[in-house]
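> my questions concern the predicted model and sequence given below.
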Amino acid sequence: MEYNACTITVFFEDPFWVGLYERWTEEGYSVCKLTFGAEPRDYEVYDALLLHWRELSFSPVMTVERDTKIKLNPKRARRNATKTLSGPPMGTKAQEAMKLQRAEKKEACREKSREEREAEAERKFRLRQEKKKQKHRGR
């Protein structure tokens with residue numbers, strides 16, 4: 001999978017600092033949320049990405065059209081970064097992706113607990129059947 005672009009946005013979401021890692025690929029857009037404790041330094045954010053890359057849980061890929069941007073003048077890029085920081089921290093695309101990821105995890109958890117509950121009921125049923133057989137063997 002080839003990544004076309006990646007961004008990480010670090011912001012304060014009471015009571016923790018949160019990093020929102022967004023990536024655009026040829027298939028679409030996906031997002032991952034990293035929670036930091038205290039305010040992370042740049043190298044801590046970079047280390048978190050490098051050391052825990054395989055453990056990151058990205059949302060399912062959403063098909064989103066990405067603007068193809070031309071290379072900006074450094075001054076304009078700085079102005080745009082300042083403007084982005086002063087606005088709301090998470091875009092609606094990222095929120096949708098995170099919501100979709102939470103829904104999938106919730107469904108997987110429900111499925112797992114349902115299977116465990118059914119397996120436990122089956123085990124108890126077999127145990128009762130065995131007890132019945134044991135009672136009637138001596139007659």
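Yes, it's here.
> low-confidence ranges in the chain?
1-3, 64-70, 88-91, 138-139 (pLDDT under 70).
> which residues of it fall in helices?
Assigned by DSSP state H, the chain shows helices spanning 42-51, 74-86, 92-137.
> buried residues in the shortest one?
Across helix 42-51, burial judged by 16 or more other Cβ atoms under 10 Å covers 45, 48-49. C-beta: built from backbone N, CA, C; applies to glycine.
> if we can go back for a sec, save the helices of the chain as a markdown table, and put in distance to F12 too.
Output for those, formatted as a markdown table (distance: least, Cβ to Cβ, whole Å):
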| stretch | distance to F12 |
| --- | --- |
| helix 42-51 | 14 |
| helix 74-86 | 12 |
| helix 92-137 | 16 |
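> so which of those gets nearest N4?
helix 92-137 (14.9 Å; Cβ to Cβ).
> helices or strands up against that closest one?
strand 16-25, strand 29-36 (3 or more Cβ pairs under 8 Å, 6 or more residues apart in numbering; DSSP states H and E).
> returning to what we had before: pick the one among the buried residues of helix 42-51 closest to E122.
Distances from E122 to those, taken by Cβ to Cβ, are shortest for A48, at 43.2 Å.
> who's in contact with the closest one?
Shown in contact with A48 (Cβ atoms under 8 Å, 6 or more residues apart in numbering): 19, 34, 36, 40.
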